[in-house]
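Trainee: Give me coordinates for this.
(one chain, ligands or ions: 2)
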Amino acid sequence: MDHSARTMLGDKASKSHLTVNTNGGEKPHVWSSSEGGCQIDIGKQIFCNRSLNMKNIIAVGFDMDYTLAQYKPETFESLAYEGTIRKLVYNLGYPQELLEWTFDWKYMVRGLVLDKKRGNILKMDRHKYVKVAYHGFKELSKEDKVGTYGNTLIQDSFDEPDYALIDTLFSLAEAYLFAQLVDFRDNNPGKVPQGTDYSRMYKDVRAAVDLCHRDGTLKQMVAKNPKRYINEDTSIVPMLKMLRASGRSTFLVTNSLWDYTNIVMNFLCASRTSDGGITCNFDWLQYFDVVITGSAKPGFFHEGKHANIFEVETESGMLLNTDNGTPMPQVGNTSPKVLLKGLNKSCRVFQGGSVGHLHKLLSIESSSQVLYVGDHIYGDILRSKKVLGWRTMLVVPELEREVELLWELRDMRKQLRLLRNERDLVEDQIHHLKWALKFESLRNDEKQKMTSAVGELESHRDQVRLAHQQAQWECHQKFHKIWGQLMKTGYQNSHFAHQVERFACLYTSQVSNLSLYSPDKYYRPSEDFMPHEFHILPL
Ligand SMILES: Nc1nc2c(ncn2[C@@H]2O[C@H](COP(=O)(O)O)[C@@H](O)[C@H]2O)c(=O)[nH]1
Ligand SMILES: [Mg+2]
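Mentor: Residues are numbered from 1 along each chain as shown. Ligands and ions are numbered 1, 2, ... in the order given. Down below sits the predicted model:
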């Protein structure tokens, strides 16, 4: 990105947020360091939907998977894809030839909706109007699309059980496999198990993916070689240290269980040995006050929910009974050493429980004092904000490239807007002339003149329309060949963007972007604009 981009967009300076240290590794510039406090690249900024004064926040919580731990989709999602195929073939009777299939990890994006019954994949705008629709990998014609989804009666559904929202990066492999199976069934109806319709195929894929997450197919491989599957982020520890130094409590709430959480957090927080190796220990716990594993979000966020909470004995992974989080004597011959350990530790680790337990453990009086950072709108953000009133930040890794492309394509987008205005203007002129031809008493020569003017304007309109459509398509393709921009569908916000706007107080591309801002930052939203204001107020 050139320097002007940095200064024009959010007044950013050209300073990078990483410097190369003496070992050749990258040293992050946290806000509190001497190099920190510089202006921030557009791709790393935190964007604000709803004002949030960090001074009112006393605890900052984090989700782990795809929030603190950014998986590499090319390896991690491929692992999920291959594991799922094996289960389809060996457990569910799908043909062996599926084992030859390959996965394009860039094809699917978040925010898509699977129409399980029809075998379609959809991208909708914020009004739930279907703008892009594919049957398997075949694009639906405009007529088919409108015929199937144009009916306003189904506009407000698109929910389970007939539809599935691809709202986490964990779902990209299953969406791709669903599209492949739809194509496969259409072309080889006899080859799929008898009675298998599209919905059944989706159900099978879902069950197989689910099993991959539960039976160790994925987690064993990540544990063996975390570096292959997870991006290293040297800013996470400095960010946590800065938040804690500012007086905030920090906590982790993850659906992963303790054994896996410990491996992933060690990878993210441990200091590396000279050969790049990691010593596995529990040092990372010093950066948290409370860690809750196996949290079963989003159910965790229900205040009234009764859920047992167990203390995790970190060395052995043993679960200890607690009295709502308070250590309690174990019945029988449990070693008293183990029982007392929990009382002295600076960070306590639990499994299960619900938000009430967490508030008690952290002495939180009001839920508005908590900021929670997660990657899943439904699992992390929607319930925590809507039901509970926590403040929320959504991590959207795709955003970094999206905003940088927006900047690169600014001239193209300006051109698009001009073409759109011109098309509207010419259409108005045509309507006006046609009206006059129909209702005004005109002389023959006037009529002839007007009729030929209409003809000229219509051909001009067609040219402008075509140029506009062409430019729109080119722009769409620059973002993603099939689905276009993540946050837009045409000129409207996408369904995904609409959810981000409604449920996330803040959103940003990486969790560690928090380290680039003061822990006391007052995040303020940009001004709202109504359509009538666009032509009046200079932007
Ligand atoms: N049983 C299933 N587990 C899943 C699935 N998709 C993801 N996951 C697991 O959830 C947690 C997410 O952790 P969090 O830190 O983001 O709360 C992680 O362990 C995943 O493996 C699924 O479809 N089924
Ligand atoms: Mg997550």
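
Trainee: how about the residues of the stretch 101-250 of the chain that lie near ligand 1?
Mentor: Contact residues of the stretch 101-250 of the chain with respect to ligand 1, defined by Cβ under 6 Å from any ligand atom, are listed as 170, 209-210, 213-214. Heads up, the C-betas are built off the backbone N, CA and C, glycines and all.

Trainee: Out of these, give me the one that has the most neighbours.
Mentor: Going through those with other Cβ atoms under 10 Å as the criterion, the one with the most neighbours is V209, at 23 neighbours.

Trainee: In terms of helices and strands, where is it?
Mentor: Taking DSSP states H and E as the definition, V209 sits inside helix 198-214.

Trainee: do you know how far R50 is from R524?
Mentor: The gap separating R50 from R524 is 10 Å, by Cβ to Cβ, to the nearest Å.

Trainee: right, and L516 touches S32 too?
Mentor: No: counting by Cβ atoms under 8 Å, S32 is not a contact partner of L516; they are 10.3 Å apart.

Trainee: more neighbours, those two?
Mentor: Residue environment comparison for L516 versus S32 gives the larger neighbour count to L516, 25 against 16, counting by other Cβ under 10 Å.

Trainee: Give me the phi and psi angles of the more buried one.
Mentor: Here is the backbone geometry of L516 (degrees, to the nearest 10): phi -90, psi -10.

Trainee: Near the closest residue to it other than its chain neighbours, how many other residues are there?
Mentor: The spatially closest residue to L516, leaving aside those adjacent along the chain, is I40, at 5.2 Å (Cβ to Cβ, 6 or more residues apart in numbering). When neighbours are counted by other Cβ under 10 Å, I40 registers 21.

Trainee: what sits against R420?
Mentor: By Cβ atoms under 8 Å, 6 or more residues apart in numbering, the contact set of R420 is 468, 491.

Trainee: any idea how far it lies from Q286?
Mentor: Applying Cβ to Cβ, the value for R420 to Q286 is 55 Å.

Trainee: In this structure R248 contacts N56, no?
Mentor: No: here R248 does not reach N56: they are 11.1 Å apart, not a contact under Cβ under 8 Å.

Trainee: between the two, which one's more packed in?
Mentor: A side-by-side neighbour count of R248 and N56, using other Cβ under 10 Å, places R248 first with 19 against 12.

Trainee: Can you classify the closest residue to that one other than its chain neighbours by secondary structure?
Mentor: In space, R248 comes closest to V60 once its chain neighbours are excluded; the distance is 5.2 Å by Cβ to Cβ, 6+ apart. Assigned by DSSP: H, G, I helix; E, B strand; the rest coil, the conformation of V60 is strand.

Trainee: tell me the contacts of V60?
Mentor: With contact set as Cβ under 8 Å, 6+ apart, V60 has these partners: 243, 248-251, 370-373, 514.

Trainee: Tell me which entries of these lie within helices.
Mentor: Here DSSP state H is the test, and those give L243 as lying in helices.

Trainee: Just name the closest of the contacts of V60 to ligand 2, please.
Mentor: Proximity of those to ligand 2 (Cβ to the ion) peaks at V373, which lies at 9.8 Å.

Trainee: thought that closest one was touching M64?
Mentor: No: applying Cβ under 8 Å, one finds V373 not in contact with M64, separated by 10.5 Å.

Trainee: one step back: ok, the residue nearest to R248 to T392 distance?
Mentor: Counting by Cβ to Cβ, the separation of V60 from T392 is 11 Å.

Trainee: now I482
Mentor: Computed with Cβ to Cβ, the distance linking I482 and T392 is 30 Å.

Trainee: residue contacts, N513?
Mentor: 40, 44-46.

Trainee: buried ones in stretch 315-331?
Mentor: Of all the residues in stretch 315-331, those buried under the rule 16 or more other Cβ atoms under 10 Å are 319-320, 322, 325, 327.

Trainee: Can you flag which of those residues belong to strands?
Mentor: Cross-referencing these with the strands (criterion: DSSP state E) gives 319-320, 322, 327 as the overlap.

Trainee: What is the most widely separated pair among these?
Mentor: The distance between the two most remote of those (Cβ to Cβ) is 12.6 Å, for L319 and P327.

Trainee: and for those two, which residues touch both?
Mentor: With contacts defined as Cβ under 8 Å, 6+ apart, the residues adjacent to both L319 and P327 are E311.

Trainee: Fine by me, we can end here.
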